[in-house]
Every structure is written in structure tokens, then in C-alpha cells.
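Enquirer: coordinates for the following, if possible.
(2 chains)
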2 protein chains.
Amino acid sequence: MHDLIENGTLWTLKEVGTDSEQIRQNETLFSLSNGHIGTRGSLEERHRTQAYSHSGSTLMNGFYDTEPITYGEWAYGYATHHQTTIPVPDAKKLDLSLDNELFDLETGKVDHHSRTLDLKRGLLTRTFTWENSKQQSIEVTIERFVSYDFPEILAQRIIIESEEDDLPVQLLFELDELEDMGKEESAEDDPDPRKKEQAERRFDSRPLSTDSGRMIHISTHASDLHAVIYDHVVSRFEQVSLERIENKVTASFQTDKSAPVVIDRFTAYSHKYNNEEDTDSQAENLKEIMSEVETLGYNELKDRHLSFMDKFWSVSDIELEGDQALQIGLRFNLFHLHQAAGRDGHTNISAKGLTGEGYEGHYFWDTEMYMFPFFLYTQPKIAKSLLMYRHSILPQARERARTMAIDKGALFAWRTINGEEASPYYPAGTAQIHINADIAHAVYEYGKVSEDEAFMFNEGLDILVETARFWLEWGHFDDERDGAFVLNDVTGPDEYTAIVNNNFYTNLMAKKNLSYAIEYAQKAQEQAAGKLEDLHVTEDELQNWKIAESRMFLPYDEEKELTMQDDSFFHKKVWDFEHTPEENYPLLLNYHPLTIYKHQVCKQADTVLAEFLFLDDFEMEQLKRDYDYYEKVTTHDSSLSRSVFGMMASQIGKHEKAYDYFMDTVLMDIIDLQSNTKDGVHAANMGGTWMSIVQGFAGMRFNDGTLYFTPHGPKEWSRLSFKVQVKDRLIQVTLTPSSTEYTLLEGEPIIIVESGEKIQL
Amino acid sequence: MHDLIENGTLWTLKEVGTDSEQIRQNETLFSLSNGHIGTRGSLEERHRTQAYSHSGSTLMNGFYDTEPITYGEWAYGYATHHQTTIPVPDAKKLDLSLDNELFDLETGKVDHHSRTLDLKRGLLTRTFTWENSKQQSIEVTIERFVSYDFPEILAQRIIIESEEDDLPVQLLFELDELEDMGKEESAEDDPDPRKKEQAERRFDSRPLSTDSGRMIHISTHASDLHAVIYDHVVSRFEQVSLERIENKVTASFQTDKSAPVVIDRFTAYSHKYNNEEDTDSQAENLKEIMSEVETLGYNELKDRHLSFMDKFWSVSDIELEGDQALQIGLRFNLFHLHQAAGRDGHTNISAKGLTGEGYEGHYFWDTEMYMFPFFLYTQPKIAKSLLMYRHSILPQARERARTMAIDKGALFAWRTINGEEASPYYPAGTAQIHINADIAHAVYEYGKVSEDEAFMFNEGLDILVETARFWLEWGHFDDERDGAFVLNDVTGPDEYTAIVNNNFYTNLMAKKNLSYAIEYAQKAQEQAAGKLEDLHVTEDELQNWKIAESRMFLPYDEEKELTMQDDSFFHKKVWDFEHTPEENYPLLLNYHPLTIYKHQVCKQADTVLAEFLFLDDFEMEQLKRDYDYYEKVTTHDSSLSRSVFGMMASQIGKHEKAYDYFMDTVLMDIIDLQSNTKDGVHAANMGGTWMSIVQGFAGMRFNDGTLYFTPHGPKEWSRLSFKVQVKDRLIQVTLTPSSTEYTLLEGEPIIIVESGEKIQL
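Expert: This next block holds a predicted model:
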């Protein structure tokens, strides 16, 4: 069992000792965020001991800089600018001195060092004792949390105790403006396209005047984004002398063996804004927030935070009895998912949440296809705000479609923050047009589960219509296939097979996208005709969607009785897995794209994902055959793969496989399965974990207004329990090896179906 | 008719007047080179009047610098470095002063300005009269040529006449070291991938000591290439006072109305070398050359040059009576082809020859498939040296194959100078693996025509074996096609259709490549068994080649009775040509690659090229159907396209079409058909011109040791005559609308076949 779990409880991960390798690695795992700001679990003195840190970044969701993308060879329509979430001034930096001797883990003697991430309460706590070279000793506790009630606020409390009186202690607080970015050695030489570390500071800063604390305005170099940051240190202890010197605050006092000394630090990060002229009002706003926070005080702020966390867990928790590691792993994943999600309708979920700079902080299809279900069924408000973000970037998506010579409709960017395409490699970027259908699918699912008609007949319809239009323009009716509707030159989810015709996943999702648009356009004809008119949806257009939907080509090999991942997949040579050494994985770092593309080898679930999403459309035998075939040629080099294979395994009766895959996914980041957790957690996989439990093992489906379950919980687990919110009901599902129990906790009576049998709740 | 032609003769292009636009444009056309050095047709005073110049570069074949390629997103196996032919110090720079007034076209009064490119003699001559502001007047003649006898030498003669005595004239000669690159305005902002202009000097220079003239050593910044340049001004006229001041030479004299004053300038460019320590010996060598040249004097040097040119034309000329423009256009093309070709076995032919910096001076398949036939049949020594270059880069090609996870054989770089892949866009770079077969095809053709067994059983066999091996590794036997041998994820010649399976051209060429290797390996078993052993060719391997060759998949649509460009070509939507505005061509500058790839639209001949190369393998009706189909979907956005369609048109009886295409190709650069002649001539198209005459209109084929002709000369031409060298014979072919005549000029008697009829020569 992993140390963090072994030392922890069912709700905590605990790191014990001062092993630099462990502390570095746990920096990602111990990140705290609230969807607006996130701060990595770095040591307060990391600037003194680089060996203990990969990167101590503090990030703001959607706060990015741009720079022109340089291509070896330019072509028309290429993405023009990198968008990169950038580290902002970090408020964790702290110099702790005892009798003028500066603390770090390599100075003096450190004992009982531990850090605990409390998932239940959303707290990171560090404690240790330190004896300096003069044999003076103090006990230090540092607690931090990122507030959900006040999304701007990072709160930190430092508690100093000693068994001696009158030891002179000084704390020096500084807002680290990253003049020295302290990037990892050799990061510049690492060409791994999945990460991109910042080599230099990407913002300018200037001080703003305040009565207390320190306030700065920052603005990015190229993207013209602005934010205000307000750092404030307080203590209610009389012996503490606070002094502000330029951009630093010192807290000095002498120890008192009768009582610990407590010092609090609050740092407020405004939301990003576009117009420098708004700086004054942003500053005023932060002052008000800070005043409120100071009035509340640390304890009350923390109490509210704990209540908020309680409320979150009361709905979103999954209880799993019988395997402590899985229980804690699950909670760890749900915790990170929850704190990753933008909640303001202008931000989304980065591939790494706010836990690292990997993938530049971009939003991908990961949100809709891997993380959205968790929010949809347990935190629907967040689900809606994620869709609102997509709606907010529709203008950019329309523009992108025009660039692709598509006259009608919209094409969402494959990877983006500001809505513009930021993928510099179109074969695994723009070619992944399935993103359009992925988003439409999430919209439709939201409509089904929430029954939020106001959204569906406005923002929802905008998205459904504009994405449906896109398919008609991209595809065509192929005379060579008796007029079937085909989609050529696309890349499906599997990025080891690029630029193909009729990717099954893409075509099926496009077909669904069209059917969603048709369904809501028809509903709107009765309920929101004005909206349809605004969108210029004509009867003719609707008719065209219907024809394309009904004629959508879905590649199938009659002889093999297998679904074809795309037109040519079976014509390729199967990858020589037997002679591929372990160290050559992931293949993308060791083989040229063409070498990979010309083989039957998948980075991730593709056809199996399509089938899992629409299980009821397929015969069980088909699902089994396809699973068996594609599993053999899939490397799972993408973190999005295992959870899908696991869920499908669960549905087709391969329970051991399901369990094995689940074991890998649930602990992926804790055990660093992908060897790159240092760059941030794998948020999509975390969503896959939730899906694995609810849609995999419990087999939950929501079709035509009815909730279905086909439970196959592993026999190793004595009890599995979770809650879902559907159509204003809150339902608790509890599975044991011998029983299932469904409890209606909130809302009107409802009939659900378990394995074909109706149950009235 | 174009001005240059109208003012010229059947052997000359003449520019009259001082229109800056014309002078700029003619800078490319008036380039002179000898395969080693090339210098653009810029005015001597271009540094004073930028409006009259695009770029006055002097280039050395194969003298390039490198810089790392920056990718928006890196992937394994990508080409790592740009290779860029760089301008070297230019020896044309001249400041001419009359009574201390500096000459340029905008100062004083210029009359009778003309420049004549004499194709027959390989000379560029400029004459004008200049009256300065003091009403003093001189007549100036400047002649330049690049020597074939002394490939290092650029020779220039300046002649000054006056009707007045004692006008003080000064000429200031400077070796322009390009401190100010004088690049075109806004070139930096032009993202056109087909050109890449140098923004800064890419070499360092230092003076070397000499007794006379000025000698410098230059070394590139990154590629570590070296060269020595020796610039020398002489005059046999006593009144001329030559003075050397630092890096300049002045020639001062007073006019003498009884006789013109003549000053000569010789500039020697050493061959490139890799080791700076060789500089002294290189310098010594240049001194010897210069001494020999000075002893000969300008007139004798020029006489030898004229003899050389005479000899060239005596074999390589095409006489065409009945259309002056075509005659001059043809000669212009042959002239440029001839001067473009590297002759030292270490250099090849850049896409733009040495006439401009377009395509970075890279060597492409253009050499083998478009230019090689001209050399093969009229200048076989050059043909051989071009193949020797390919042989010299086999080690890099083997290395490239390894990078592509190909364990045996070699993969030639798609674009290169030093043998390493320099294409930063693999879908239209590395994916064009047909380059391997293109080179093998040229080797085989050379063997057929030259009967040079020594080459074929050494360098030739190396290339045939290593390329054949590659196909076995890249492709596989596809069970889904009854075990046919398939080649997936390739790009054919048509760069508007990328990453496809079983491109017909590629597969057919690969099949031929295998058959060539089999044929020569079998011959070698008897005649050069040791060589086969050295190459580790086993009976098993040979057997595998035979199986792959015989099972090579050639995509064909039985229903349409059409050859398929690739497996999926007919499944794509035909490009909407009707609604594509003229200004949107070339499509590559106005549409995203995916937009282009997902349509039936071709940049250039692909299937038609394959069929043209092996005409006898196809039924006439098939050729016609394929031609008709592919012509409709081809934009000819590539300059390699029209000549092929023209030749095929000629063979299938579409004589008007053939004539129209020929008209476009023959005058492509003179009329600037592609709108980018300023970046250099289209050398491959020039080769296509020769092919159009000889293999198109005259229908020449050389199969199984016999020369075949099927002449269809346009009726507009009263006489067409050319010579070919085959198996040590020199044969003259003369066509008139009513007759054909074949004359054996050199060599043993031979039987040829015209339209099925044998003729004994």
C-alpha cells in the first residue's frame, strides 16, 4: 500500500518525514484549489531548497498569456497563438527564523515532519519541530485552505509553539513575484509535447496602495489580462509585532511556552479582467472581501469552508468498504475533480485542474466526456456553468469554422482557454472534430437530467444547432457508399490513428449530435419558435439534418463481425507489441507519428468509448467482440483509456478486468502510473473513476427519463454507496455483494429500473 | 509576345529600358551559374537602388547553414534542422563615378539601357549611356559570365567609352559581404512556406593574405562549412590606376575618346569544405586558378567558355521552327537546366537551381523525375554525377529509415542538402516515401541508357537494394485484401491529398523499384557476386522482394473503370471549383490542409504521372479515362503538373491540350505564370519542357534496349529537331508536319522503332 494511504485514514493522505523525492512528488497531490485559484502543495520555504520542489505555482483558472506559435512550416488556418496558463504571484513564500537562523529542511534538525491532506475538510496541514544550531527548538504547524465561500481567498495559519520562553522568532512573508521562476533543471530541453513549462515570468506587476497588507496589479505580457492580488498578514496576539517593509511583512515575537503564537495570512486573488481601467474597482472589491474575511477571522472562515465541504461530500461522496486504498483513492479523485472546476461560466476544467502547468492549462474534450458526468449527477450547478463556458466561446467556434471553409455552424477548438484554437498540431488537434459532438452530448445530457428548459431553449439550442450545422458542412453524401453520409479526414479519440475517414466514434457522435439538434429544434417549434427564428433554422435545414442523421455511415466489418474504428483500420498492420520494449512506451515519445499511424495500435479507447456511451444501441455479443479486439491493440498511453475499458469490462461481464482497470485508474496519480503526475493530476481520469463506479460497476444509465441500474460490484467490496441527483430527486444507491438498495432522499416519488425490474422509490 | 522575346532573337532575351518592375523581375531570369556558383541578374549598383532588385544573391551549390527547426508541438523523429542555402559574398557590387558623381539609374540621365542574356554563349551583357548632372557623358558596357571550364570563376568585364577626353572616371569594386542583407520589405511577414528569405547574414568572414586582389575565408554560423573567395580586378590599360584600400579596389582613369577603357574582374569561389584547417590549401588552390585565369586573360577565358557552350548546345539544343517564342522559351529552359546541375557528385539540383533562395536551395524528387531525363539523354556525365550525390547520402538515408523504425534499408530525405531530412511538415515531407522509388527509377534508367555496368554493380546496386529493402519494411501483406502488398499512410506526388493508403503512384513505383532491384541482384549473382555478399542480399530476401513485387496492390475502381489515386480518393467530395474565386489559388495559401485533404482536388499530376512513366503498361482507353477524370480535379498549383498533363495529352491524341499545356510550361518563368519567379526559376518545370518535346510530342521511349518514337508534333511547328544519346550513339531526330527523320550522328548502327515500324540507322 502506498505510504500516503498507509499513514492516512479513510479521509486523509499523510506524508511522514522529509524525503525530498516524496515531498517533490506530493506537491501535485497536495494542491488546493476552488476552481478559481489553485496552489500547488509546495513547502513554504521552497525557494531555499529546490530539491524539495518541482514547481510551487499558484495558478488562476483562465489566466493565461499568449505567444505566437512558431511552425517549422506554416500553413493556412493553423492556430496562431499559444495560450498558456501562467503562474501568478505566489503567497506561500515564508522565511521562518529562530534567533536569526533561517529555517529549511537542511538546516538544524527537523523532527516529526508530516503533511496531511484532509479531503473531507479541504485542508493541508504541515507540522514539524525544528531545532536550530543553537539547540533552540520550536514546533511549527501550518495550515492552508482555498476558500469556496470566498473564491478569491487563500488562507494560511502559522502556529508556533515552544517549550522555552523568549526565543526570538521572525516570520517574513513575501508575495513571490517569480523574478526567478525556479524552473526545473533541463525542463527546457525536454521536448515532451504534453507539458510546457514556463521559462520566464509572463506578467508585469505594480503596487497598488492599501491601508494594510500589500496589493498589486498584474497584467500579462501579451494577452492583456489583468488581476489584482491582495496579501494580508494578521495576528490577534499582542506579543506579535507586524511590520511592513516595502513588499514584505515581518511578524516578530518571542516564544511563550504557556501558549502557541498564531499568525494568519489571507491572500485574495481577484477574477481576471480585460480592461486595465477596471483596476480601481477590482481593488475596491478585493478590499471589501478582505475586510469581510478579516472580520470573520480565520476560524470562522475555516468553519464556513468546512460546512461547504461537508455539503459537497454529503452528495458527491462515494463510500466503498472493503478496500481502504480504493476508498481513499476515490475520495482523492472526487476531491480534485471538485476543486478543478471553473464555476463562473467563463472558465472550465484544465486537463490538470489547477494542480500544474501540464498541457498549458488548456480545456479539452476531457471536460465533457470524462468529468461532466460527475458534476451532472452530483453538482449540477457546476455542470451548467461548464456548459455556459462553452456557450461563451461560440463566437470563436463560429470563426474557427469559417477558417476551415465551413460556411455554417461552429467548430469548437480542440484545446483552448479563450475559445481560439491553440493546438499547434492539427492531426491531433483540429482534426478531432468530434469535440463538437462531445459538447453537444453534454448539453443534451444536461437537458435530460436537469430538465432545465430555460437553458436548453437558449444556450443549449445555440450549441446544438451550431454543432449540427457543422456536420452537414464537413461531411457529404458519398455516392460510392449508396449515398451514406460520411465524414472524411478526421481524427477520433485515439490519437495513434490520425486523419482517417469515418471514424466510428466521430460518426456515431455526429449522428447523435444531429438527433439532439433535431429533437430540440422540434420541441422549440412548439415552445420557443422565436429562438428557432433567431437561429434561422428552417424546415429545409431540419430536413437535411434528418437525412444526414439517418444515413450516417457507421463502418462495420461484416465478415469479422467487428465494428471498424475507421474505414481503413483493419487494413493496417498490427503493432508488434511483442518486440516493443517496455521503455518505448508511451509510443508517442519513441516513434514517429507516421510509424504509429500506419499500424493498428490505439493510444486509448475509441470505438469502445462510443459503444459504452450508447450501450443500449448494441448487442452484448457485439460489445464483447469489439472489446476483445480493441483491447489487444490498445496501449493505454492516454490516461483517458483505462477507465473506459474498465467500465465496458464491467458491462460485458469481465469483472476481473473491470476491477484491474479500476485499480489502475483510481490510484493513477497517487502511484504516478503515467510517470508525469509532477506536471499535474490527470483530471479526466479522475472523472473516469466516478464513471467507473456509477456507470461501470453500478451500471447506471439515464434514458428516456428513466434511471436504469445493472449492478456488478466487485465481490471484494463489502459495501458501495453513492448518491445521484436526477430530475430534482436525490437518490442514494447502496450495493453489497448480496443486495442493492435505492433510497429516495429528496424529491417526488420516482420509478427506477434495475436489471429489467421496475422499482418504485 | 513577351518584351524580352520580342526584343531578343532566337538565342537571346533582351530587356530594353529602365523600368524598375521589369528589371526586378528579370533578376531571376538573368541569373548565371555553372552548377557550382550562381549569381542573380542584379544590377551592379543594386545596393543604391533597392527598387530595382528583389535580391542580388550569389549562391554556392550546397553551401548552406543550419538552424534548429522550431515546432509548435514536437514529435519524435521530426526533422531537427533547417538547411538553408545562404547568399555568400557577392562580387557584382560596383560604384561607378564620373567626375565624382556616383552612378545609379535615378541619377543624371540614362539612355539606351539594355540587358541581353545570350543563351547560346552564356553571357549577360548590359549597356547604357549615362550623362551626369554636369552633362558629362559615358557609354558603359558590362559583360559577365560564369565559367564552366573554371567552375570557381565569375568573370566580369567593364568597358567605358566616351566622346570626350579626360573625364575622370572611378570604379570602386567591393566584395559585398552582406552586412546589410537588403532583404525585400515585408519578406519577414510573408508566411508562404515555399520560400524562406534570409533575414541576416549567416557566415563569418576574415581576410586572407594575397599579393594582389582580396581573398577572404568564410565559415557558416552553424553548419561549419567553409569556403575561400578571391576577388581580383585587372586592367591592361596603362591609364588605369588600380589601388587597393582595405577591402576595396578602385580603378581610376580619364576617358580617351579614341579608345574604350577595359577593366576585368575575376572572382573565384572555392568549393565548400568541412575542415577549417584546409583553408590554406584551398587558398593556394584558388591562387593557382586565379593565376591561370589571369594569364589566359578575359578574352581567352571567354573563348573557352563559348566553346564549352557550343559543345553543350551541339547536343542538347532543341530546334523548333514556326514559333519564335517557343523556340526562345525552350532554349531558355535548357540553358537554366544546364547551369543548375551540380557536377561534382556532392551536389545536386536545387528546386530553383542557383537562381534564387526559394525552397531554401533544397534538392527534391524534382531532380530525378523532372530534370534527370534531360541530362540522361543529352549530358549523361552530369546525370551520373547527380546519382553519385544520392549515393553519397545513403548513410543519412539509412539513418532516417532507422528513425522511422525501419530496421533494414534506407529512406531518402524528402528535401535536403546534406542528406538529412529538412522538411518540417511530414505529411508533405517524410510521408512522400515515393522519393525512394523515384531515385531508384533514375538509377535504373541510367543503367539502361548508359550501360555503365561499373556504376550499376556498385553505387547503383547499393541504391537499388537499400530502397527495395525499405518497401518490404514499410508495407505489409494485407489479409483484408487477400494478401496483397500494401503501403499505408503515405503521401503521393499530389500534396493536396496526404496520409493515404495505397497511393497508386507510390505503389506502382515501389513495384518497379523492387523489380529493378531483383533484376540487378540477379545479374549481380553472375557478374558481381561479391557485391551482393557485401550487401548481405540473400536468396530469401530476393524471394521476398519477388513476392511483394508480384502482389503489390494497385487500387482500381472496377465500376468506374478508373485507376484510383489511392484507396479513398473517390470517397471524397469533389472540390467546388465553380465557387472558388481565382484569387484563392494556389489553394495551399488560402485553405487549411484538412479542408484541402478532405476533397477530391489535386495540386499536381499523380496517377497520370505514374501512367505516363510506364505508358506501355496501360491500355489507351484506360489512359484516356484516367486523364479525363484527374484533369478535372487538378489545379496545377504545383509547377510540376502541367508538363505531365501535356505529355499525356500528346500521347492520348489530345493534341490541342498538349499544345496548350506546353505553351504554359515552356514560358512559365518568362511570363511568371506561378507569380513567384522572383524567388527563382522552376527548374523541374524546365525539365518538364524537355520531356514534353522528346517524350511528349516525339513520343520517345527507351524500353528493353530499343528506342521507340510515336511523334505527334503540333502542326503549328514547321520543324522540330533534337538529339539524344543512347548506348553510346548520338541520334538526331527531326520532325516536320509531313515527315520524320532519324540520323545517326555517332556510334554503331542501331535499329529504332517509329510507331511500330523498325528503322535501321
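Enquirer: please make it C-alpha for all contacts and neighbour counts, starting now.
Expert: Noted.
Enquirer: send the alpha carbons of stretch A:627-637 over as CSV?
Expert: This file holds the C-alpha atoms of stretch A:627-637, laid out as CSV (Å, rounded to 0.1, in the frame of the first residue of the first chain):
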residue,chain,number,x,y,z
TYR,A,627,-13.9,-5.1,-26.6
ASP,A,628,-11.7,-8.2,-27.1
TYR,A,629,-10.4,-6.9,-30.4
TYR,A,630,-9.6,-3.3,-29.4
GLU,A,631,-8.2,-4.2,-26.0
LYS,A,632,-5.5,-6.2,-27.7
VAL,A,633,-4.3,-3.2,-29.8
THR,A,634,-4.6,-0.5,-27.1
THR,A,635,-1.6,0.7,-25.2
HIS,A,636,-3.5,3.0,-22.8
ASP,A,637,-0.8,5.5,-23.4
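Enquirer: any idea of the mean pLDDT for it?
Expert: The pLDDT scores in stretch A:627-637 average 97.
Enquirer: please identify the buried residues of that stretch?
Expert: Neighbour counts over stretch A:627-637 (16 or more other Cα atoms under 10 Å in any protein chain shown) mark A:627, A:630-631, A:633-637 as buried.
Enquirer: could you dump those residues into a markdown table with distance to chain B added?
Expert: Listed next are those as a markdown table, based on distance: Cα to the nearest Cα, whole Å:
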| residue | distance to chain B |
| --- | --- |
| A:627 | 20 |
| A:630 | 17 |
| A:631 | 20 |
| A:633 | 17 |
| A:634 | 19 |
| A:635 | 17 |
| A:636 | 18 |
| A:637 | 15 |
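Enquirer: flag every buried residue along the top helix by length along chain A.
Expert: Longest helix of chain A, by residue count under DSSP state H: helix A:279-316. Buried residues in helix A:279-316, defined by neighbour count with 16+ other Cα under 10 Å: A:279, A:282-283, A:286-287, A:289-290, A:293-294, A:297-298, A:301-302, A:304-306, A:308-310, A:312-313, A:315-316.
Enquirer: what's downstream of it, the next helix or strand?
Expert: Next helix or strand after helix A:279-316 toward the C-terminus (DSSP states H and E): strand A:318-321.
Enquirer: by contact count, what packs against that next one?
Expert: helix A:324-340, strand A:719-726 (3 or more Cα pairs under 8 Å, 6 or more residues apart in numbering or on different chains; DSSP states H and E).
Enquirer: what is the mean pLDDT for stretch A:65-81?
Expert: pLDDT averaged over stretch A:65-81 gives 95.
Enquirer: would you mark the buried spots in it?
Expert: For stretch A:65-81, by 16+ other Cα under 10 Å, it's A:65-66, A:69-81.
Enquirer: what does stretch A:601-621 give?
Expert: Using 16+ other Cα under 10 Å as the test for burial, stretch A:601-621 gives A:601-613, A:615.
Enquirer: anything in it near chain B?
Expert: No: judged by Cα under 8 Å from any Cα of the partner chain, stretch A:601-621 stays clear of chain B, getting no closer than 13.7 Å.
Enquirer: quick check: residues of the stretch 301-450 of chain A near chain B?
Expert: A:403-405, A:424-425, A:431.
Enquirer: related to what we said a few turns ago, export the buried residues of stretch A:627-637 to TSV and tack on secondary structure?
Expert: Below are those laid out as TSV (DSSP: H, G, I helix; E, B strand; the rest coil):
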residue	secondary structure
A:627	helix
A:630	helix
A:631	helix
A:633	coil
A:634	strand
A:635	coil
A:636	coil
A:637	coil
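Enquirer: quick one: which of those residues is nearest residue B:734?
Expert: Nearest to residue B:734 out of the buried residues of stretch A:627-637 is residue A:633 (Cα to Cα; 62.9 Å).
Enquirer: mean confidence for stretch A:314-329?
Expert: For stretch A:314-329, mean pLDDT rounds to 95.
Enquirer: ok, back up a step: deepest-packed of the helices and strands packed on strand A:318-321, please.
Expert: For the helices and strands packed on strand A:318-321, the largest average neighbour count (mean count of other Cα atoms under 10 Å in any protein chain shown) is found in helix A:324-340, namely a mean of 25.
Enquirer: how far off centre is that one?
Expert: 12 Å (Cα atoms, centre = their mean, to the nearest Å).
Enquirer: ok and that helix relative to helix A:279-316, angle-wise?
Expert: Using axes from the mean of the first three to the mean of the last three Cα atoms, to 10 degrees, one finds that helix A:324-340 and helix A:279-316 are set 150 degrees apart in direction.
Enquirer: how about the residues of chain A near chain B?
Expert: Applying Cα under 8 Å from any Cα, we find that chain A lies next to chain B at A:69-78, A:191-193, A:403-405, A:424-425, A:431, A:476, A:478-480, A:488-489, A:499, A:570-573, A:588-595, A:597-598.
Enquirer: before we move on, the earlier item: determine which two of the buried residues of stretch A:601-621 are furthest apart.
Expert: Largest separation among the buried residues of stretch A:601-621 by Cα to Cα: A:601 and A:615, giving 23.6 Å.
Enquirer: how many other residues sit next to the residue of the stretch 351-500 of chain A found nearest chain B?
Expert: Closest residue of the stretch 351-500 of chain A to chain B, Cα to the nearest Cα: residue A:424 (4.9 Å). Using other Cα atoms under 10 Å in any protein chain shown, residue A:424 is surrounded by 22 other residues.
Enquirer: so it makes contact with residue B:73?
Expert: Yes: the criterion here is Cα atoms under 8 Å, and residue A:424 meets it with residue B:73 at 5.8 Å.
Enquirer: thinking again about what came up before, inside helices: which ones of the buried residues of stretch A:65-81?
Expert: Taking DSSP H, every one of the buried residues of stretch A:65-81 sits outside helices.
Enquirer: from those residues, pick the one nearest residue B:158.
Expert: residue A:73 (43.1 Å).
Enquirer: was I right about the closest one contacting residue B:422?
Expert: No: at 10.6 Å, residue A:73 does not count as touching residue B:422 under the criterion of Cα under 8 Å.
Enquirer: what's the overlap in contacts for these two?
Expert: Counting by Cα atoms under 8 Å, 6 or more residues apart in numbering or on different chains, residue A:73 and residue B:422 have no shared contacts at all.
Enquirer: which among the residues of chain A next to chain B end up buried?
Expert: The buried subset of the residues of chain A next to chain B (16+ other Cα under 10 Å) comprises A:69-78, A:403-405, A:424-425, A:431, A:476, A:478, A:488-489, A:499, A:570-573, A:588-595, A:597-598.
Enquirer: what's the burial count for residue A:42?
Expert: Number of residues near residue A:42 (other Cα under 10 Å) recorded here: 25.
Enquirer: what's the answer for residue A:718, then?
Expert: By other Cα under 10 Å, 15 other residues sit near residue A:718.
Enquirer: these two touch, right, it and residue A:737?
Expert: Yes: applying Cα under 8 Å as the test, residue A:718 and residue A:737 come out as touching, 6.3 Å apart.
Enquirer: what are the ranges of the helices in the stretch 401-550 of chain A?
Expert: Ranges of helices in the stretch 401-550 of chain A, per DSSP state H, counting those that start in this stretch, are A:434-450, A:453-455, A:461-474, A:504-527, A:529-534, A:539-551.
Enquirer: what mean pLDDT does stretch A:334-346 have?
Expert: Across stretch A:334-346, the average pLDDT comes to 97.
Enquirer: stretch A:41-53 too?
Expert: Per-residue scores along stretch A:41-53 average to 92.
Enquirer: circling back to that earlier point, mind putting the helices of the stretch 401-550 of chain A in a markdown table, mean pLDDT and mean neighbour count included?
Expert: Below are those laid out as a markdown table (pLDDT from 0 to 100; neighbours: other Cα atoms under 10 Å in any protein chain shown):
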| stretch | mean pLDDT | mean neighbour count |
| --- | --- | --- |
| helix A:434-450 | 97 | 24 |
| helix A:453-455 | 96 | 14 |
| helix A:461-474 | 98 | 25 |
| helix A:504-527 | 97 | 22 |
| helix A:529-534 | 94 | 14 |
| helix A:539-551 | 98 | 16 |
